[in-house]
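Student: Just a sequence and a predicted model for now, questions to come.
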Amino acid sequence: MWQTLKDNLSFVLVTLLVFAGLVLIAWAAERLLVKERRKLEPARYVAYMAMFGALAAVLMLLEFPLVFLAPNFYKLDLSEIPVLICAFSMGPTAGVICEFLKVVLKLLLKGTTTAFVGDFANFAVGCSFVLPASVIYHTHRTFKRALVSLVVGGVIMTVFGSLFNAVYLIPAFAKLFHTDLDAILSMAQAVNSHVTSVYTMAALCVAPFNLVKAIAVSVITLPLYKRVKKLIRMDV
């Protein structure tokens, strides 16, 4: 992993810049939109983020492909569940940091098989779900608002994830692995014969994949959140 890190240093630096930018956006959203939010003590704040990040990293390891929707290098995991619970409990900034911590822990446990492209994708696309969902929820913390926030977050993740794959991730994956785009498209065409370009691949393979993930994560998170918060006595 360390040699891969050295070889793709510029890509990793982009990831760190994106992380810093998302933390800044989350922090600004909290200050502007979240009117009433009591803070945990710093030690408990860090401890809870670490706990949720570790749980998310373990779930990230339990990934599996949805071969009827997308090529098998797209793998579904449910690691956003602990991240969403963290963000709903402690705010958007905590959610973004927890998402980043999840990916870092996963890299330490397993390394990378995608030259960091898949790991960066998991972080960025995950944040496109967690960040808007947590901001919406924290404007008025009710069950109805939680439901709305998950729907909106899921839609944003589906749209953003598809465009991000088409514009940046798929070309970056091909470049870093010295693979022709046609080889990647042929894998997508084996799943859906209507794929003719990276954009149709994003629309016909990536978008349904992200939508299924958003639905699965939302359906599990919604009943779990309040129970987990009560169980560990989080009062934010």
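Tutor: Ah, there it is.
Student: For stretch 138-149, list every residue counted as buried.
Tutor: By 16 or more other Cβ atoms under 10 Å, the buried positions in stretch 138-149 come out as 138, 146, 149. From N, CA and C alone the C-beta is placed, and that goes for glycine too.
Student: same question, stretch 179-189
Tutor: Applying 16+ other Cβ under 10 Å to stretch 179-189 flags 184-185, 187-189 as buried.
Student: and for that stretch, what are the contacting residues?
Tutor: Contacts of stretch 179-189 with the rest of the structure, by Cβ atoms under 8 Å, 6 or more residues apart in numbering, involve 70-73, 170-171, 173-174, 195-198, 201, 204-205.
Student: how about 7 Å then?
Tutor: Stretch 179-189 has contacts (Cβ atoms under 7 Å, 6 or more residues apart in numbering) with 71, 170, 174, 195, 198, 201, 205.
Student: try stretch 148-156
Tutor: 128-130, 132-133, 136-137, 214-215, 218, 221-222.
Student: hang on, the earlier thing: any chance of TSV for the buried residues of stretch 138-149, columns secondary structure?
Tutor: Output for the buried residues of stretch 138-149, formatted as TSV (DSSP: H, G, I helix; E, B strand; the rest coil):
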residue	secondary structure
138	helix
146	helix
149	helix
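Student: Out of those residues, which is nearest to residue 83?
Tutor: residue 149 (13.7 Å; Cβ to Cβ).
Student: Buried ones among the contacts of stretch 148-156?
Tutor: The neighbour count (16+ other Cβ under 10 Å) marks 128-130, 132-133, 136-137, 214, 218, 221 as buried among the contacts of stretch 148-156.
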